[in-house]
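Peer 1: quick one, structure for this:
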Amino acid sequence: MFRPDFNPQPTLRGVAIHLRPLGLGDLEGLYSAASDPDVWAGHPATDRYKREKFEPYFATLLASAATLAAIDRRTGEIIGCSRYYVAPDMPDSVSIGFTFLNNAYWGGGTNFELKRLMLGHAFGVYTDVWFHIAPTNIRSQKATVKLGAAHVYDATLDLSGTPSPWMCFRLKQDDWNRVVAARAGGM
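Peer 2: Predicted coordinates for the structure are as follows:
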């Protein structure tokens, strides 16, 4: 359960994207962003690009009441999503995960901006943020390390209905602040 002073579905505005609460009417837009097999290639659910696999996932995201749709500010299209959650082994902390972006948005600053917005909101209440990444998802592991997070331990956790192995990464606010400062200095 989230702390009472934390809103898990804020509206957050960035330069290239904005995040807003996922709604029932977002199924088609989010599925469009998710329908390329490459989006799920490194993910444990490699077949989630199929509509019959995506719809139950969408229902889970919607039911969480903590998922944010990522919107391209230039086009107004949904390009992916991410969500906050509380991991069973860290009940006093917040986690960010269930993130995906359409592969047209890989390799640029979109993931960093998404995480910058979500982390800025989370660090307003929490001092640490956790990420749980499947051992096979090398792309997400590398992206999480670039945020300043450290791999702390491995665990079998039930994060989405079935216990699975996860690599658990922690990002401390001070480490995040250093990454943001270094990135601002390099621009």
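Peer 1: just say helix, strand or coil for Pro44.
Peer 2: Following DSSP: H, G, I helix; E, B strand; the rest coil, the label given to Pro44 is coil.
Peer 1: how about the one 10 residues further on?
Peer 2: Reduced to three states with three-state DSSP, the structure at Phe54 is helix.
Peer 1: check the burial of it by counting its neighbours.
Peer 2: Neighbour count for Phe54, taken as other Cβ atoms under 10 Å: 19. (Each C-beta comes from the backbone N, C-alpha and C, glycine too.)
Peer 1: quick one: contacts for it?
Peer 2: Neighbour list for Phe54: Tyr31, Ala34, Ser35, Arg48 [criterion: Cβ atoms under 8 Å, 6 or more residues apart in numbering].
Peer 1: what's the local residue count around the second one?
Peer 2: When you say that, I think you mean Ala34. 25.
Peer 1: nearest spatial neighbour of it, chain-adjacent residues omitted?
Peer 2: Among residues not flanking Ala34 along the chain, Phe54 sits closest, at 5.6 Å (Cβ to Cβ, 6 or more residues apart in numbering).
Peer 1: so what pLDDT did the one you found get?
Peer 2: Note for Phe54: predicted pLDDT of 97.
Peer 1: start at 34 instead
Peer 2: Yep, numbering from 34; the last one is Phe87 now.
Peer 1: most neighbours among the contacts of Phe87, which one?
Peer 2: The most crowded member of the contacts of Phe87, judged by other Cβ under 10 Å, is Ala67 (25 neighbours).
Peer 1: now it: phi and psi?
Peer 2: Main-chain dihedrals, Ala67, degrees, to the nearest 10: phi -100, psi 0.
Peer 1: you'd agree it is up against Lys83?
Peer 2: No: at 9.7 Å, Ala67 does not count as touching Lys83 under the criterion of Cβ atoms under 8 Å.
Peer 1: ok, and for stretch 145-157, which residues are buried?
Peer 2: For stretch 145-157, a neighbour-count test (16 or more other Cβ atoms under 10 Å) marks Phe145, Glu146, Leu147, Lys148, Arg149, Leu150, Met151, Leu152, His154, Ala155, Phe156 as buried.
Peer 1: ok, now stretch 84-100?
Peer 2: Those would be Phe87, Tyr90, Phe91, Leu94, Leu95, Ser97, Ala99, Thr100, for stretch 84-100 by 16+ other Cβ under 10 Å.
Peer 1: now the third one: phi and psi?
Peer 2: In other words, Phe91. Backbone torsions for Phe91, taken as degrees, to the nearest 10, come to phi -60, psi -40.
Peer 1: that one against Tyr64, yeah?
Peer 2: Yes: counting by Cβ under 8 Å, Tyr64 is a contact partner of Phe91 at 7.1 Å.
Peer 1: what pLDDT does the residue lying farthest from the centre of the chain get?
Peer 2: Farthest-out residue of the chain from its mean C-alpha position, per Cα atoms, centre = their mean: Gly218, at 25.3 Å. Looking at Gly218, its pLDDT reads 77.
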